[in-house]
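Engineer: Just to be clear, the model below is a prediction. Sequence and coordinates:
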Amino acid sequence: KAGVTQTPRYLIKTRGQQVTLSCSPISGHRSVSWYQQTPGQGLQFLFEYFSETQRNKGNFPGRFSGRQFSNSRSEMNVSTLELGDSALYLCASSVIPGANYEQYFGPGTRLTVT
Amino acid sequence: AQRVTQPEKLLSVFKGAPVELKCNYSYSGSPELFWYVQYSRQRLQLLLRHISRESIKGFTADLNKGETSFHLKKPFAQEEDSAMYYCALKDTDKLIFGTGTRLQVFP
């Protein structure tokens, strides 16, 4: 079974631009979560989607948004990029939400904002 | 507020030595805790969860509600255990991660 895939793997943007990252979950998984990983803050939860609905949202500004499609693929968008948005963005999928269902992580998208 | 604390950024041991990676949590309710591991150039992956009470790759972790701790232990470290370890707390279906501890096992 193919793992979680994220595209693109690397991205360089300039301040003020916007960016869209994509995540394809494991086949059959319907829950997708997004995390931001930085050296200073570690892994921080962004949001979670299940059945095309956002179920949870972390403490990030409104510039960070996401969506999920009917095939469970998910995208996250960051508008008006700031230097501090440079990070590794991880996507994780699980069959359905809940502690009993393991989250499988993708390789991440490395975003650099210059 | 819900929080996970991993006090050590780096833990260095020699092969064969015991290992204990510390994790403390703050949570109002019954916690669900996990340990995740990230080996060099690999994805973050689940190592173990407290509800399973299992030993994975020789690692165990016991939830101590009195001390609000979920320390990860292994009696004899191996070089292949070198990795980044994250303790995580499940809070309404989202994971709250600690800042991680890098374990270095020297030969």
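Structural biologist: Cool, the structure landed.
Engineer: C-alpha only now, for contacts and for neighbours.
Structural biologist: Fine.
Engineer: where does chain B come near chain A, residue by residue?
Structural biologist: When proximity is defined as Cα under 8 Å from any Cα of the partner chain, chain B approaches chain A at B:32, B:42-46, B:90, B:92-100.
Engineer: 10 Å instead?
Structural biologist: B:32-34, B:41-46, B:48-49, B:51-52, B:86, B:88-100 (Cα under 10 Å from any Cα of the partner chain).
Engineer: quick one: residue A:96 from residue A:72, how far?
Structural biologist: Residue A:96 sits at a distance of 11 Å from residue A:72 (criterion: Cα to Cα, to the nearest Å).
Engineer: what's the overlap in contacts for these two?
Structural biologist: A:28, A:29, A:30, A:31, A:32, A:49, A:50, A:51 (Cα atoms under 10 Å, 6 or more residues apart in numbering or on different chains).
Engineer: The second one against residue A:50, yeah?
Structural biologist: Yes - with the criterion set as Cα atoms under 10 Å, residue A:29 and residue A:50 qualify as a contacting pair; they are 9.3 Å apart.
Engineer: the more surrounded of those two?
Structural biologist: Neighbours were counted for residue A:29 and for residue A:50 using other Cα atoms under 10 Å in any protein chain shown; residue A:50 has more, 24 against 21.
Engineer: Quick check: closest non-adjacent residue to that one.
Structural biologist: Nearest residue to residue A:50, sequence neighbours excluded (Cα to Cα, 6 or more residues apart in numbering or on different chains): residue A:31, at 4.5 Å.
Engineer: Quickly list what that neighbour is bridged to.
Structural biologist: Listed by DSSP bridges, the beta-bridge partners for residue A:31 are residue A:50, residue A:94.
Engineer: what about the strands in the chain?
Structural biologist: Going with chain A. A:5-7, A:10-13, A:19-24, A:31-38, A:42-50, A:53-57, A:64-68, A:74-78, A:87-94, A:104-105, A:109-113 (DSSP state E).
Engineer: meant chain B, my bad for not saying
Structural biologist: Taking DSSP E, the strands of chain B run over residues B:3-5, B:10-14, B:19-21, B:24-26, B:32-38, B:45-49, B:60-61, B:72-74, B:83-91, B:94-97, B:101-106.
Engineer: My guess is residue A:35 contacts residue A:59. True?
Structural biologist: No - the pair residue A:35 / residue A:59 is not scored as a contact, 11.3 Å apart, by Cα under 10 Å.
Engineer: where does chain A dip in pLDDT?
Structural biologist: By pLDDT under 70, the low-scoring segments of chain A are A:1, A:99-100.
Engineer: hmm, back to that, who has more neighbours, residue A:96 and residue A:72?
Structural biologist: Taking neighbours as other Cα under 10 Å, residue A:96 and residue A:72 compare with residue A:72 leading, 23 against 19.
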